[in-house]
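Peer 1: next comes the sequence, and after it the predicted model I'd like to discuss.
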Amino acid sequence: MPAGYLRSKATLIVCPARLLRQWEGEFVKFLGDSGCQIWYVEHAVPAPLYRSCLLKQKRGTGDLRILVLETCRDLCAITYKEYMEGFDVVLASVTLQSQENYRRCIDLMCSYLPKGTRRFPTELNGMFMALRLKRLREVMKRVLARKDLPNFQELFTAPEIKTFANYKGAKFPVFELFWWHRVVFDEFHESESWEYRVRELTKALGATNRWGLSGTPPLGSSEAVADVAELMGYPDLCGAAYMKRHVEIGNKPHKLSREECSSDSHQTALRLEAQEFVDGYVRQNSSELVEAIRVVEHTELVEHTPEERIIYRQACHDNGIFDLSQS
């Protein structure tokens, strides 16, 4: 594990919010209630103007402990020790890292001065997220080296009771503090539409193993493969210099960079690196049972409505199947 991380034994699964319930259901389906425990964060109003957010076991009695985090408010209930030792799987919506309060927590931790540190040479104002995350890593290196974690954890809001006024601004440990056993990105092809900040936060998730799951992986070009490989941490791990340069150019586009990226030598080298990545790390599920299913064709009579028939006849005409003038 590199310096500057807190080690977690858990697998972090980052997926679209719509798939959280599906993941939960798959764990229960394969392990049963006797094989796992599902935990959620319960939000309650115990008194006027106050709100609590506490962990609650939803179902199951097994050994595998699974935590489900749906909203940014849920993060308020989790301590850094629970991320490190309390759960085996953390299911989190990909939208959490895009929330403004998540960014504020990053800034708060980047601004922390560990023991013996008077100031950092650069200010956070105007700093890109990639540089902020480098600052966070430097802060954590000093915190751990100088045994300053007890003071550092005072940054986080106690999860038990919060006033409504402070609830939205609650401070919590972010995922980027930890070195996870495994990180799984479900439907990772959607990363093409992520904003810059979310991509940088995702890349900063430290893990011994990084998996990407997709039914439609963006592998249509060398450039698309390079973007996927970057998300998986491949260029740094395997010294893919042209992939790394492609990403740098993409983040800072200008005329000279575009000319470099379009040169024959760059494209050839990038294509070779992309092929090495695909050959070495991309796998496709297959099943003999599925492939053995016999395809049976059926002819069904369909009666169109007048509107559907107009659309159908026009499509046939456009594709030269028959001439409308001949009916």
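Peer 2: Sure, I can see it. Numbers count the residues shown, from 1 in each chain.

Peer 1: wait, Ser34 touches Thr61, no?
Peer 2: Yes. The criterion here is C-beta atoms under 8 Å, and Ser34 meets it with Thr61 at 5.9 Å. (C-beta placed from N, C-alpha, C; glycine too.)

Peer 1: can you tell me how far Lys147 is from Gly116?
Peer 2: According to C-beta to C-beta, to the nearest Å, Lys147 and Gly116 sit 11 Å apart.

Peer 1: typed the wrong thing, it's Phe172
Peer 2: For Phe172 relative to Gly116 (C-beta to C-beta), the value is 26 Å.

Peer 1: those two: who's more crowded?
Peer 2: Using other C-beta atoms under 10 Å as the criterion, Phe172 and Gly116 rank with Phe172 on top: 22 against 9.

Peer 1: OK, contacts around the nearest residue to the more buried one once chain neighbours are set aside?
Peer 2: Nearest residue to Phe172 in three dimensions, chain neighbours excluded: Leu75, at 4.3 Å (C-beta to C-beta, 6 or more residues apart in numbering). Taking C-beta atoms under 8 Å, 6 or more residues apart in numbering, we find Leu75 in contact with Leu69, Leu96, Tyr102, Phe172, Val174.

Peer 1: quick one, phi psi at the second one?
Peer 2: If I follow you right, that is Leu96. With angles defined as degrees, to the nearest 10, Leu96 sits at phi -60, psi -40.

Peer 1: that one touches Cys76, doesn't it?
Peer 2: No. Using C-beta under 8 Å, Leu96 makes no contact with Cys76, being 11.7 Å away.

Peer 1: which one of those two has more residues nearby?
Peer 2: Regarding Leu96 and Cys76, a neighbour count based on other C-beta under 10 Å identifies Cys76 as having more, with 26 against 22.

Peer 1: report the secondary structure state of that one.
Peer 2: Classification of Cys76 using DSSP: H, G, I helix; E, B strand; the rest coil returns helix.

Peer 1: quick one: Gln37 from Gln57, how far?
Peer 2: Applying C-beta to C-beta to Gln37 and Gln57 gives a distance of 6 Å.

Peer 1: more neighbours, the two?
Peer 2: Shown here are Gln37 and Gln57; by other C-beta under 10 Å, Gln37 has more neighbours (20 against 12).

Peer 1: tell me the bridge partners for that one.
Peer 2: Arg65 (DSSP bridges).

Peer 1: hang on, isn't it packed against Lys56?
Peer 2: No. The pair Gln37 / Lys56 is not scored as a contact, 11.0 Å apart, by C-beta under 8 Å.

Peer 1: what about Val278, neighbour count?
Peer 2: For Val278, the count of nearby residues is 15 (other C-beta under 10 Å).

Peer 1: could you pull out the strands for the chain?
Peer 2: For the chain, strands defined by DSSP state E occupy the ranges 6-7, 11-15, 36-44, 50-59, 64-69, 89-93, 162-163, 178-186, 206-213.

Peer 1: for Asn319, find the nearest of those.
Peer 2: Nearest to Asn319, of all the strands of the chain, is strand 206-213, at 36.8 Å by C-beta to C-beta.

Peer 1: direction included, what does the closest one pair up with?
Peer 2: Counting by DSSP bridges, strand 206-213 is paired with strand 178-186 (parallel).

Peer 1: buried ones in the strand it pairs with?
Peer 2: Neighbour counts over strand 178-186 (16 or more other C-beta atoms under 10 Å) mark Phe178, Trp179, Trp180, His181, Arg182, Val183, Val184, Phe185, Asp186 as buried.
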